[in-house]
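Asks: I'd like to go over a predicted model; first the sequence, then the structure.
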Amino acid sequence: MHRFFYGLLKYQKVLIYAALTSFLCFLFLLAPRPQEEYCGKFIEVGTIGFYPLNCDSYDYIETAKSPVKLLDKSSIRQTRPLYVLLAAAVGYALKPFLALVPLQNIAAQDELLADSFYWGFMLLNFTILVISLLLFDQIAGFLTEGNFPQILKYFLAVVLVSNVVVKTSVWSAHQQMLTILSPLLCIYFCLRIVLADELAPKRIYLISILGGLLMLTYGNFLVLFAAVLLAISIQLVRSKNFSRANFKKFLIPSFILFTFPTLLWSLILLAVNGRVYSHEVSAYRQFVWIFDKLLISFKDFYEQLIAFSASYWTSIYRTVFVFLIVLFLLKLYNLIFQPKAERTEISPHYFLMKSMLAIIFLLYLIFFWLMGYYGERLTFTLVPVVLCLIVLELNLLISRGKALTVKAVYVLLLFCAIFWIYSNVRTYGPFKDLSKIKTFQELKV
């Protein structure tokens, strides 16, 4: 029996974060049905409430059932093959178990709900969220040298689960949970690199090949590619080891390992179909709208950029702005009330970590700005980065604040977490893209 309790204590964070994720996802069932148009349907959960089932779920599941469809000339999931293959593996593994579970009642609303591949995606969604919370926990430890109070990590973790991305997609077969994981994984890898006493080639190669594989699951991991290369360069410059030999030892192999999986997959598609199809480019002109417009005239490009920037600012305002305000106020408080003598005692790692987080934020900011496709579910990717910057400033406040100030921070964060949960459950509806994406032919007009 004592071994059982020891095991619970050992994995208590996993259990707590899993319980927190389950509870917050359950609360979304109580949300009122939104009035806006939604691509999908709403599934009733008894007398409790409902959840949205995204229309993309059907294609995801059909492709997971038969992964060979990824090789179709116009497969929508062709640029994200590994995520579909992972879902396929989980779906087939769950099949014999779900055959024992009576799912006829929920299948009456949609036969998809009795499919093992649907529940495979649900298991992936849940697992990705729990991993994201554990990663945030680790990052908070890195940023504060293990001094950040655990209870505050739980309060801040609420933001990573209770949000528009999770509310609209957690019950759908989709890869949107990677919106939460991708920036945290980027921060985790970059901090491990820039804070290392010495760069270990094996670690860099492992991060690079993993990053290359992740780029075949979700497009946002392209930022991880750029951030890791910058982190390696920063570490080499900081340690005064930036040389031609180390450039060949670290940066060139890292670049090759990052790009190899995508290059290999592209060569397979070229051999089978004679081309690589990207639905994001063909249907939504993501990033390539820049070239489309420049081919017409610089004036057209400039006007489109201004229009897109307005939409992007709207998405920033709806998702990230409040966190930027909080970060600004914390920074201002620390500058005003922190004694001058203590300012010189700040660990040099503080400035290094803050700079790395700022670089990652700017990379994501520019990435989504130039995409040409805007919505709250995408822009929310910036929130975990700002949340990590908030951890840095909170740690300064707590470590130098008086006992009453620290208690006030605890109470304030508790009330903020409760209010955040309430406002997300009661107000946010399914996401609505903020820009009308035009086809290539329409862009030329």
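Replies: That came through, no problem.
Asks: next, the buried residues of stretch 82-99.
Replies: Within stretch 82-99, the residues that count as buried by 16 or more other CB atoms under 10 Å are 82-88, 90-91, 94, 98. In this view, the C-beta of every residue, glycine as well, is placed from N, C-alpha and C.
Asks: what comes into contact with it?
Replies: Counting contacts by CB atoms under 8 Å, 6 or more residues apart in numbering, the residues outside stretch 82-99 that touch it are 60-61, 63-65, 67, 70, 77, 114-121, 123-124, 173, 175, 178, 213-214, 216-218.
Asks: what of stretch 306-321?
Replies: Residues external to stretch 306-321 that are found in contact with it (CB under 8 Å, 6+ apart): 164, 289, 368-369, 372, 374-376, 378-380, 382-383, 386, 434-435.
Asks: kindly report the same for stretch 219-226.
Replies: Residues from elsewhere that reach stretch 219-226, judged by CB under 8 Å, 6+ apart: 79-80, 178-179, 182-183, 185-186, 189, 211-212, 214-215, 258-259, 280, 360, 363-364, 367, 381.
Asks: in helices only, show me these.
Replies: Under the assignment DSSP state H, those contribute 178-179, 182-183, 185-186, 189, 211-212, 214, 258-259, 280, 360, 363-364, 367 to helices.
Asks: min pLDDT across the contacts of stretch 306-321, which one?
Replies: Checked by pLDDT, the contacts of stretch 306-321 have S435 as the lowest-scoring entry (55).
Asks: what residues of the host helix or strand of S282 count as buried?
Replies: Under the assignment given by DSSP states H and E, the secondary-structure element containing S282 is helix 279-284. In terms of neighbour count (16+ other CB under 10 Å), helix 279-284 has its buried residues at 280, 284.
Asks: using PDB, write out every CA atom in that helix.
Replies: Output for helix 279-284, consisting of C-alpha atoms alone and laid out as PDB, is shown next (Å, rounded to 0.1, in the frame of the first residue of the first chain):
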ATOM      1  CA  HIS A 279      -3.800  23.400 -48.600                       C
ATOM      2  CA  GLU A 280      -2.700  26.400 -46.500                       C
ATOM      3  CA  VAL A 281      -1.000  27.900 -49.500                       C
ATOM      4  CA  SER A 282      -3.400  26.800 -52.200                       C
ATOM      5  CA  ALA A 283      -6.700  27.700 -50.500                       C
ATOM      6  CA  TYR A 284      -5.600  30.400 -48.100                       C
END
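Asks: A18: what's it in contact with?
Replies: Each residue near A18 by CB under 8 Å, 6+ apart is listed here: 126, 130.
Asks: against L103, how distant is it?
Replies: Distance, A18 to L103, by CB to CB, to the nearest Å: 23 Å.
Asks: so F250 touches A196, yeah?
Replies: No - using CB atoms under 8 Å, F250 is not in contact with A196, being 11.6 Å away.
Asks: and those two? Which one has more around it.
Replies: Neighbour totals were compared for F250 and A196, and F250 leads with 23 against 14 (other CB atoms under 10 Å).
Asks: and that one, what pLDDT?
Replies: Per-residue confidence (pLDDT) for F250: 88.
Asks: for W420, the count of nearby residues, please.
Replies: W420 is flanked by 17 other residues according to other CB under 10 Å.
Asks: what of K153?
Replies: By the criterion of other CB under 10 Å, K153 has 21 neighbours.
Asks: so for it, what's the pLDDT?
Replies: Listed pLDDT for K153 reads 95.
Asks: just the element for it, please.
Replies: When elements are defined using DSSP H and E, K153 is found to belong to helix 150-161.
Asks: thought I360 was touching L185?
Replies: No - taking CB under 8 Å as the definition, I360 is not a contact partner of L185, at 10.9 Å.
Asks: the more surrounded of those two?
Replies: The residue with the greater number of neighbours, taking I360 and L185 and applying other CB under 10 Å, is I360; the counts read 26 against 23.
Asks: nothing else from me, thank you.
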